[in-house]
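[1] My questions are about this predicted structure, shown below with the sequence.
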Amino acid sequence: METKKVLVTGGTGFLGSHLCFKLQKLGYEVISLSRRPGEELNDVGIKQVQIDLSSPNTDLDEVVKSVDVIFHTAGKVGMWGAWEEFYQVNYIGTQNLVDSAKRNGIRHFIYTSTPSVVFDNHDIQGGNEDLPYAKRSKSLYARSKILAEQYVLMNTDDQFKTVALRPHLIFGPGDQNLIPRIIAKAQAGRLRKIGDGKNKVDVIYIDNAVEAHIKAYEALKNNSINVSGKAFFIAQEKPVILWDFIDKVLARYQLPKVQGRIPYFVAYMIASLIEWVFKAFRITKREPPTTRFIVMQLAKSHYFSHKNAKTILGYEPKLNTDEAIKLLGVD
């Protein structure tokens, strides 16, 4: 690849940092934009800029106009919180970045979205990109990402080419969300199967997620007619049975398999009651033990067709799921 300047938002995050490292190895000059600095990025000489995208900031244009392409991975992730925080970080932050990119002549914009934008209260088995956005999402995070993805794609034109990627349940070394949550709940004895335990989901290993982002950029440059303004689901080569996957992860950390099961409707009722209590007392700074969205994610199938990612973007996972699990660290 020709040497170019690349801006990665959320460069100190899980996906963002791995993307920074990979792009640098490919010969790009990388700038990380985030709210806080990262020591690992400093160690390899990656330039860092601290900017809050959700606030009007005259410094943003100065950073944006110095680069050739933007990978927007930054965002507020969480199962609970205040809507205003999700809205400001995920939607307003994206809006500010897109507007700055267009003002400054950026031609390529790769946005990291989520499959949760189409997940409502039903199973999704092999769904493709024709699925509509969820109308009644139980997740504030997903609602804010719907708005952000829509804004990115609706701003696509001949001079500003965009693509949205929807990686599902990213895991791997450096993950501070998915695997640590599983391990913590298992160690505390609070992990139970929800439903029949046979639901299938998509997951994606971090290196494969990074590869998909780079493939998306290449395709956006070389095949923009079929890519620009579109969203793509990306994941491993095939879905996993969620609870089998969790058991394999637990075994890697020398923990026993998940024992016990809670019927879906019981778990959903408990989650509804917990949410009611948290809302009644306006508790937003602390996550509840569970939510309706978490219950649905743990009990229902949500996996997707990756045909478009393969045929249009040229993306194929380089590491299969069993091999990826073996690379998880053991504390």
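    Looks like it came in fine. It should be emphasised that the depicted structure is a prediction, and the values quoted were computed from it without experimental measurement.
[2] Who are the contact partners of residue 277?
    283, 288 (Cβ atoms under 8 Å, 6 or more residues apart in numbering). Placement of C-beta: from N, CA and C, glycine included.
[3] So it, which state does it fall into?
    Three-state assignment for residue 277 (DSSP: H, G, I helix; E, B strand; the rest coil): helix.
[4] before we move on, what about residue 215?
    Under three-state DSSP, residue 215 comes out as helix.
[5] And it, how far from residue 318?
    11 Å (Cβ to Cβ, to the nearest Å).
[6] When those two are compared, which one has more neighbours?
    The residue with more neighbours, out of residue 215 and residue 318, is residue 215; 20 against 12, by other Cβ atoms under 10 Å.
[7] Show me where this protein dips below the pLDDT cut-off.
    1-3, 330-331 (pLDDT under 70).
[8] tell me the helices in the stretch 1-150 of the chain, going along the chain?
    Listed in chain order, the helices of the stretch 1-150 of the chain (DSSP state H, counting those that start in this stretch) span 14-25, 39-43, 59-64, 83-86, 93-103, 140-154.
[9] which element is residue 298 on?
    When elements are assigned from DSSP states H and E, residue 298 belongs to helix 292-299.
[10] and the helix or strand following that helix, which residues are buried?
    Using DSSP H and E, the helix or strand that follows helix 292-299 towards the C-terminus is strand 302-304. Going by neighbour count (16 or more other Cβ atoms under 10 Å), the buried part of strand 302-304 is 302, 303, 304.
[11] and which of these is nearest residue 6?
    Nearest to residue 6 among the buried residues of strand 302-304: residue 304, at 27.5 Å, using Cβ to Cβ.
[12] Excluding chain neighbours, give the residue nearest to that closest one in space.
    residue 233 (3.9 Å; Cβ to Cβ, 6 or more residues apart in numbering).
[13] do residue 290 as well
    Using Cβ to Cβ, 6+ apart, the nearest residue to residue 290 is residue 271, at 4.8 Å.
[14] just residue 243 next, same as before
    residue 197 (4.6 Å).
[15] Can you say which helix or strand has that neighbour in it?
    Applying DSSP H and E, one finds residue 197 in no helix or strand.
[16] what about stretch 276-293, start to end distance?
    14 Å (Cα to Cα, to the nearest Å).
[17] Report the distance from that stretch to the chain centre.
    22 Å (Cα atoms, centre = their mean, to the nearest Å).
[18] now do stretch 311-321
    That offset, for stretch 311-321, works out to 17 Å (Cα atoms, centre = their mean).
[19] again with stretch 200-216
    Distance, centroid of stretch 200-216 to centroid of chain: 10 Å (Cα atoms, centre = their mean).
[20] which parts of it are buried?
    200-216.
[21] I'd like the helices of the stretch 1-150 of the chain as a markdown table, with distance to residue 127 and mean neighbour count appended.
    Shown next, in a markdown table, are these (distance: least, Cβ to Cβ, whole Å; neighbours: other Cβ atoms under 10 Å):
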| stretch | distance to residue 127 | mean neighbour count |
| --- | --- | --- |
| helix 14-25 | 23 | 22 |
| helix 39-43 | 36 | 12 |
| helix 59-64 | 34 | 17 |
| helix 83-86 | 24 | 15 |
| helix 93-103 | 24 | 20 |
| helix 140-154 | 15 | 22 |
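[22] Quick check: residue 143 touching residue 135?
    No: contact criterion Cβ atoms under 8 Å: residue 143 and residue 135 do not qualify, at 10.4 Å.
[23] which residues touch the residue lying closest to residue 128 once chain neighbours are set aside?
    Using Cβ to Cβ, 6+ apart and skipping residues adjacent in sequence, the residue nearest residue 128 is residue 305, 4.4 Å away. Residues in contact with residue 305 (Cβ under 8 Å, 6+ apart) are 126, 127, 128, 233.
[24] could you dump the buried residues of strand 302-304 to CSV with distance to residue 20?
    As requested, these are exported to CSV (distance: Cβ to Cβ, whole Å):
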residue, distance to residue 20
302, 29
303, 29
304, 27
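[25] quick check, nearest of those to residue 149?
    Of the buried residues of strand 302-304, the one sitting nearest to residue 149 (Cβ to Cβ) turns out to be residue 304, at 15.0 Å.
[26] Next up, the contacts around residue 57.
    Residue 57 neighbours (Cβ under 8 Å, 6+ apart): 51, 96.
[27] switch the cut-off to 7 Å
    residue 51 (Cβ atoms under 7 Å, 6 or more residues apart in numbering).
[28] that older thread, run a quick check on the residue nearest to residue 290 versus residue 289, I expect a contact.
    No: using Cβ atoms under 7 Å as the test, residue 271 is too far from residue 289 to be in contact (8.6 Å).
[29] neighbour-wise, which of those two wins?
    Neighbours were counted for residue 271 and for residue 289 using other Cβ under 10 Å; residue 271 has more, 21 against 11.
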